[in-house]
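*Asks:* please find the sequence and the predicted model below.
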Amino acid sequence: MLPAGKGDGFTLLELILVLLLIGVSMMIVLPNIQKGLEDREVRLSALRLAAAARDLRSRALSDGQAKQLEINLAENNYRVARLAEVQLPPEVRFVGIDGGETLDRGSKRFYFFPNGSSLDGKIVLADEQKSISYLVRLEALTGRIEVLRGN
């Protein structure tokens with residue numbers, strides 16, 4: 001049997017150690033949560049862009065008319081078939097575009113043709129620090145559209 005007052009609680013040292021462990025754990029976990037959220041935003045933006053391109057390809061096949069996807073680097077948005085303008089989230093940026101038709105210094109246009117083909121191109125989206133990136137690749141002959149994880 002323990003004497004009165006002994007074993008009834010925690011010592012100050014034990015409480016400080018527990019708080020120290022919680023603090024160290026939070027320092028490890030919080031940056032990973034932030035990085036995961038940034039990765040999610042970039043990935044979702046790339047998937048949405050690919051989905052819009054696939055929709056344009058399907059509409060070109062069914063309508064028998066070429067459809068357009070216009071990307072504006074300066075304004076960080078894209079326009080689908082000259083109708084709907086889609087603004088990327090503030091933490092996501094277009095960082096590179098290869099292929100397509102150059103409209104002006106900051107804009108490119110990709111065509112999707114009724115035979116299923118498209119203009120060849122690579123569109124890279126990344127976070128503000130460019131530590132997370134995704135590539136949307138448009139294949140010319142097959143019209144295939146795929147999303148690949150960068151670095």
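*Replies:* Alright, I've got the coordinates.

*Asks:* any idea which residue sits dead centre in the protein?
*Replies:* residue 42 (1.5 Å; C-alpha atoms, centre = their mean).

*Asks:* which residues of the chain fall in helices?
*Replies:* 12-63 (DSSP state H).

*Asks:* residues near residue 94, how many?
*Replies:* As a burial measure, residue 94 scores 22 neighbours (other C-beta atoms under 10 Å). C-beta: built from backbone N, CA, C; applies to glycine.

*Asks:* should've said residue 54
*Replies:* With other C-beta under 10 Å as criterion, residue 54 counts 14.

*Asks:* quick check: closest non-adjacent residue to it.
*Replies:* residue 145 (5.3 Å; C-beta to C-beta, 6 or more residues apart in numbering).

*Asks:* any idea how far that neighbour is from residue 92?
*Replies:* Distance of residue 145 to residue 92, computed by C-beta to C-beta, to the nearest Å: 18 Å.

*Asks:* residue 110 is in contact with residue 68, correct?
*Replies:* Yes - assessed by C-beta atoms under 8 Å, residue 68 is found in contact with residue 110 at 7.1 Å.

*Asks:* having no further points to raise, I will conclude here.
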